[in-house]
Each structure stands twice: as C-alpha cells, then as structure tokens.
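S.K.: sequence and predicted model, in that order:
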Amino acid sequence: MAEGLVLERLRITQGDTEMVAVDASVAPGEILTVMGPSGSGKSTLLAALTGTLAPAFTLGGRILLDGRDITALPPEARRTGILFQDELLFPHLSVGGNLAFGLPPALKGRAARRARIETALAEIGMAGFAPRDPATLSGGQKARVALMRSLLAEPRALLLDEPFSRLDAGLRGQIRTLVFERAQSQGLPVLLVTHDAADAEAAGGRVILLGRRDD
Ligand SMILES: Nc1ncnc2c1ncn2[C@@H]1O[C@H](COP(=O)(O)OP(=O)(O)OP(=O)(O)O)[C@@H](O)[C@H]1O
C-alpha cells in the first residue's frame with residue numbers, strides 16, 4: 001500500500017453545507033500547502049486529520065496514513081503530529097518538561113527519556129536548555145523546541161497550522177527551512193496551512209485552495 005498521507009474523497013459538512021471537499025495524496029517528504037480565506041475550513045481540515053473534529057461537523061471519505069485507514073481512530077493512535085501558531089509551549093513546564101510531553105509512552109525509563117530529550121536539544125543547537133523556563137527563550141528557540149516536541153512523538157505525518165506566522169521575517173525563513181528539512185529527512189508528508197504566499201512558495205509543491213461555498 002502507498003506510503004504517505006491520502007485524503008480520499010474527504011468531505012466535511014456542517015448541517016447541509018459542505019465546507020471542505022478534498023481529494024489528495026501527499027508523498028513522504030512532500031509538502032501540500034492549504035490556503036483559503038478565513039473561515040474556509042483550513043483548521044477544521046487539520047482537526048479532521050488529528051481526530052479532533054468538533055461535533056458540529058460530519059466527516060465523509062477516508063484518511064489513509066502509510067496505507068492504514070486512520071479515519072475512525074482516536075487522536076493518540078493516529079501518529080499525526082501538529083504544530084500550531086499560538087500555544088507553542090506549555091508555560092508551566094520547563095523546556096525539558098515540554099519535550100517530555102512529546103516522548104512516546106513506549107520509551108521507558110527516566111534515564112532513557114532524559115537522554116532522548118538531551119539529544120533532541122542538541123539537534124537544534126540548544127544543548128543544556130532542559131531546565132529553562134520557556135518564557136526565557138527567544139521566539140526562534142521556542143519554535144525549535146515546539147518542532148522537536150512534535151517530532152519526538154515519532155509522527156508519520158506533520159500538520160502545520162500557520163506555525164511561522166508569529167515569527168519575524170528573518171526568523172520565519174530559518175524556522176521554515178528547519179521544519180521542511182526535518183520533514184524531508186524523516187520522510188514525513190506535510191500539510192501546511194498558511195496565509196502567506198512566501199510560505200507556499202518555499203514549500204515548493206502543490207497548493208489546494210479552500211473556498212467559501214457562499215462566495
Ligand atoms: N467547534 C466548532 N463548532 C462549530 N463551528 C465551528 C467550530 N470551529 C470552527 N467552526 C466554524 O467552521 C468554519 C471554518 O473554521 P476554520 O477555523 O476551520 O477556518 P480557517 O480557514 O482555519 O480560518 P482562519 O484562517 O481564520 O484560521 C468557520 O465558519 C467557523 O466559524
């Protein structure tokens with residue numbers, strides 16, 4: 001069966017209104033950009049993929065990840081990692097605590113978990129940052145820790161909901177490159193929701209446009 005993410009005749013309806021209709025496949029390492037006006041259903045589409053669709057919506061079609069039908073699975077069983085623009089890090093946890101939250105439950109033992117966190121921090125040039133309070137980090141450091149927290153869970157797809165939009169222009173390009181490189185090196189299909197044409201261009205691949213039905 002095909003690797004990557006397949007959205008097979010995916011439909012999201014609210015009452016009688018069809019809000020999202022998508023048929024697409026995203027290969028490992030490929031980025032599919034999702035654009036559309038505010039309220040067109042971009043975040044709702046990502047919620048359908050993570051298994052957190054609000055009860056107001058009805059989902060039709062199938063979601064396949066690495067050939068596995070995940071449409072009806074609970075969120076924790078899907079292996080879809082998501083990165084948001086806002087709640088980048090939990091403020092009440094240290095940097096290490098934030099990263100621990102992303103570790104797979106199967107990784108047992110305090111020492112092994114600590115070691116995995118230290119390796120992750122070293123990979124983003126932040127060795128020794130585990131005890132730090134997230135409030136003391138720069139925007140770029142916060143974004144890097146948030147990315148690693150998503151990746152530590154070993155997702156099979158990465159969903160990005162405008163993750164760069166709060167960063168200033170220079171940093172935005174850097175973090176975007178880091179996210180895309182990691183997705184590519186780990187062979188993750190990526191769905192990138194953005195309002196920014198520069199993000200779409202950097203992603204290089206295909207763009208799907210959601211529209212409002214009453215436009
Ligand atoms: N929990 C919910 N219950 C009912 N309706 C909702 C819920 N969440 C969102 N909606 C509605 O669904 C529609 C799509 O919202 P969504 O947040 O997916 O749009 P979006 O394209 O991500 O917008 P934006 O670009 O502003 O983030 C909107 O009309 C919104 O009001």
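M.R.: Nice, thanks for sending it over.

S.K.: so where is this protein shaky, pLDDT-wise?
M.R.: For the chain, applying pLDDT under 70 flags the ranges 1, 86-87, 212-215.

S.K.: who in it is up against the ligand?
M.R.: Contact residues, the chain versus the ligand (C-beta under 6 Å from any ligand atom): G36, S38, G39, S40, G41, K42, S43, T44, A54, A56. Every residue, glycine included, has its C-beta placed from N, CA and C.

S.K.: thought L53 was touching S43?
M.R.: No - with contacts counted by C-beta atoms under 8 Å, L53 stays clear of S43, the gap being 10.4 Å.

S.K.: the longest helix in this protein is where?
M.R.: Longest helix of the chain, by residue count under DSSP state H: helix 169-185.

S.K.: just checking, what packs against that helix?
M.R.: Judged by 3 or more C-beta pairs under 8 Å, 6 or more residues apart in numbering; DSSP states H and E, the packing partners of helix 169-185 are helix 139-152, strand 157-161, strand 190-193, helix 197-203.

S.K.: what segments of this protein are strands?
M.R.: 5-14, 17-26, 31-35, 58-65, 68-69, 80-84, 157-161, 190-193, 206-209 (DSSP state E).

S.K.: how about the second one: buried residues?
M.R.: Going by neighbour count (16 or more other C-beta atoms under 10 Å), the buried part of strand 17-26 is M19, V20, A21, V22, V26.

S.K.: chain center to it, what's the gap?
M.R.: 18 Å (C-alpha atoms, centre = their mean, to the nearest Å).

S.K.: how many degrees apart are that strand and strand 5-14 in direction?
M.R.: 180 degrees (axes from the mean of the first three to the mean of the last three C-alpha atoms, to 10 degrees).

S.K.: each with direction, which strands does strand 17-26 pair with?
M.R.: Strand 17-26 has the following strand partners under DSSP bridges: strand 5-14 (antiparallel).

S.K.: report the buried residues of the strand it pairs with.
M.R.: Buried residues in strand 5-14 (16+ other C-beta under 10 Å): L5, V6, L7, L10, R11, I12.

S.K.: pull the CA atoms of it into CSV?
M.R.: The C-alpha trace of strand 5-14 is given here as CSV (Å, rounded to 0.1, in the frame of the first residue of the first chain):
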residue,chain,number,x,y,z
LEU,A,5,-1.0,10.6,3.5
VAL,A,6,-4.0,10.1,1.4
LEU,A,7,-7.2,12.1,1.7
GLU,A,8,-9.7,10.1,-0.2
ARG,A,9,-12.9,12.0,-1.1
LEU,A,10,-12.7,13.8,2.2
ARG,A,11,-15.8,15.8,2.9
ILE,A,12,-16.5,17.9,6.0
THR,A,13,-20.1,19.2,6.3
GLN,A,14,-21.8,21.4,8.8
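
S.K.: residues making contact with it?
M.R.: By C-beta atoms under 8 Å, 6 or more residues apart in numbering, the residues outside strand 5-14 that reach it are 18-26, 41, 44-45, 48-49, 53, 56-65, 157, 189, 191.
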